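A.B. asks: Sequence first, then the predicted structure, then my questions.
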Amino acid sequence: MKPVSLTAPPLPRSRPPLRATEEGPLVRWTLIAVTLLFFALFLALPLVAVFAEAFRKGWALYLETFRDPASLHAIRLSLLVAAIVVPINTVFGVVIAWAVSRFNFRGKSLLIVLVDLPLWVSPVIAGLMYVLLFGAESPLGPWLRSHGIKIIFATPGMVLATLFVTFPLVARTLIPLMQAQGVAEEEAALTLGARGWQIFFRITLPKIRWGLLYGVILCNARALGEFGAVSVVSGHIRGLTNTIPLQIEILYNEYAFSAAFALASLLSLLALATLGIKSVIDRRTARQLAAGEGLSTNPDTQTLNT
């Protein structure tokens, strides 16, 4: 008779759960191939096509595009609109982010919704709203005309339309950043006798500088490349109210393809420069976080109810 073993048989080894980063080689390489294919077809090839068409007839014709008075005026007008819009949106973006992230007040949720509104409204609809408000047939039209104020089909209307579509970019970049940073350092400075502006310039601004720069870059790129809203309020007056995107459309419709793509290459270079600056900002932000200068990880500092 065999002795009975009192020890339990060993349990079968269970396979450790797979993580998302431990998929098989087939899955990994399939995902990488699909990503690269999408990037090549929808991003890289169109970008290469723009520059290829811009330089197809040589450098002489390419440079001649930027000597054309209408194209030069379009470039100057785009820079003027961006020079007006970006500082205004930067100031209001910082103010709104400060109010939302540092104070609790009635109507806070409504303010956040209003900040996001331009992201959900078509730019064409935004342009039509300004035409209804300030156009010749609007309630304000006779008063504006009698005082010699021209908004629609003029630079002021283009500035207003661009302000609307770019308004959320700076604020939406700063709000989550400032909410995550908390108020511990600012409250400490307040107890030591620091004033509001001292706290902002010496504590808050250094912590949000890279996020602020990122929002400004996005706002500038969108202001220079905006088409829909500006197209509605500009009137497409060559040499007067055409920005770079509008001038590209006119040149393309006139079959001046090389000139149109030459201006398009200018906007493409702006986009590439924006991506390059974004990469630098991302690296700077990562270093700031690694050095302990960025977001606070202390749960005691996360006192804001968002």
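C.D. replies: Yep, it's here. Numbering: from 1, shown residues only.

A.B. asks: got any ranges where this structure has weak pLDDT?
C.D. replies: Low-confidence segments of the chain (pLDDT under 70): 1-23, 285-286, 288-306.

A.B. asks: OK, contacts around the residue nearest the centre of the chain?
C.D. replies: The centre of the chain sits closest to L218, judged by CA atoms, centre = their mean, with a distance of 3.3 Å. By CB atoms under 8 Å, 6 or more residues apart in numbering, the contact list for L218 reads 169-170, 173, 274. In this view, the C-beta of every residue, glycine as well, is placed from N, C-alpha and C.

A.B. asks: same thing with T241?
C.D. replies: Counted by CB under 8 Å, 6+ apart, T241 has contacts 77, 153-155, 158, 234-235.

A.B. asks: Which helix or which strand is home to it?
C.D. replies: Assessed by DSSP states H and E, T241 sits outside every helix and strand.

A.B. asks: If any of the contacts of T241 are buried, give me the ChimeraX selection for them.
C.D. replies: In ChimeraX, a selection of the buried entries from the contacts of T241 looks like this (16 or more other CB atoms under 10 Å):
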select :77,153,154,155,158,234
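
A.B. asks: How much space separates L275 from I244?
C.D. replies: 19 Å (CB to CB, to the nearest Å).

A.B. asks: For those two, indicate the residue with more neighbours.
C.D. replies: For the pair L275 and I244, the greater number of neighbours falls to I244 (23 against 11), based on other CB atoms under 10 Å.

A.B. asks: Does that one touch L269 like I think?
C.D. replies: No. Shown here, I244 and L269 do not form a contact pair, counting by CB atoms under 8 Å, at 11.7 Å.

A.B. asks: Out of the contacts of L218, the closest to K57 would be?
C.D. replies: Within those, the smallest distance to K57 is 27.8 Å, found for T274 (CB to CB).

A.B. asks: residues in contact with the closest residue in space to that closest one that isn't next to it in sequence?
C.D. replies: Excluding the flanking residues, the one nearest T274 by CB to CB, 6 or more residues apart in numbering is A221, at 4.7 Å. By CB under 8 Å, 6+ apart, the contact list for A221 reads 270-271, 274.

A.B. asks: re the thing from before, narrow the contacts of L218 to those in helices?
C.D. replies: Taking DSSP state H as the definition of helices, the contacts of L218 contribute 169-170, 173, 274.

A.B. asks: Can you pull the phi/psi pair for E226?
C.D. replies: phi -70, psi 140 (degrees, to the nearest 10).

A.B. asks: And it, how far from I32?
C.D. replies: Here E226 is placed at a distance of 34 Å from I32 (CB to CB).

A.B. asks: Same question for A221.
C.D. replies: Going from A221 to I32 by CB to CB gives 28 Å.

A.B. asks: which SS class is I152?
C.D. replies: Here I152 is recorded as coil under DSSP: H, G, I helix; E, B strand; the rest coil.

A.B. asks: Now for it, how many residues are close by?
C.D. replies: Using other CB under 10 Å, I152 has 25 neighbouring residues.

A.B. asks: Got the phi and psi for it?
C.D. replies: The phi and psi values for I152, taken as degrees, to the nearest 10, are phi -80, psi 140.

A.B. asks: And it, how far from K57?
C.D. replies: 37 Å.

A.B. asks: same check, this time on S71
C.D. replies: Taken as CB to CB, the span from S71 to K57 is 16 Å.

A.B. asks: The two - which one has more neighbours?
C.D. replies: Set S71 next to K57 and count neighbours by other CB under 10 Å: S71 wins out with 25 against 14.

A.B. asks: S265 is in what secondary structure piece?
C.D. replies: For S265, the host element (DSSP H and E) is helix 257-290.

A.B. asks: scratch that, Q247
C.D. replies: In the assignment (DSSP H and E), Q247 maps to helix 244-253.

A.B. asks: Show me what that helix packs onto, helices and strands only.
C.D. replies: Here helix 244-253 touches helix 69-102, helix 205-225, helix 228-234, helix 257-290, going by 3 or more CB pairs under 8 Å, 6 or more residues apart in numbering; DSSP states H and E.

A.B. asks: Mind doing that once more with 6 Å?
C.D. replies: Helices and strands touching helix 244-253, by 3 or more CB pairs under 6 Å, 6 or more residues apart in numbering; DSSP states H and E, are helix 69-102, helix 257-290.
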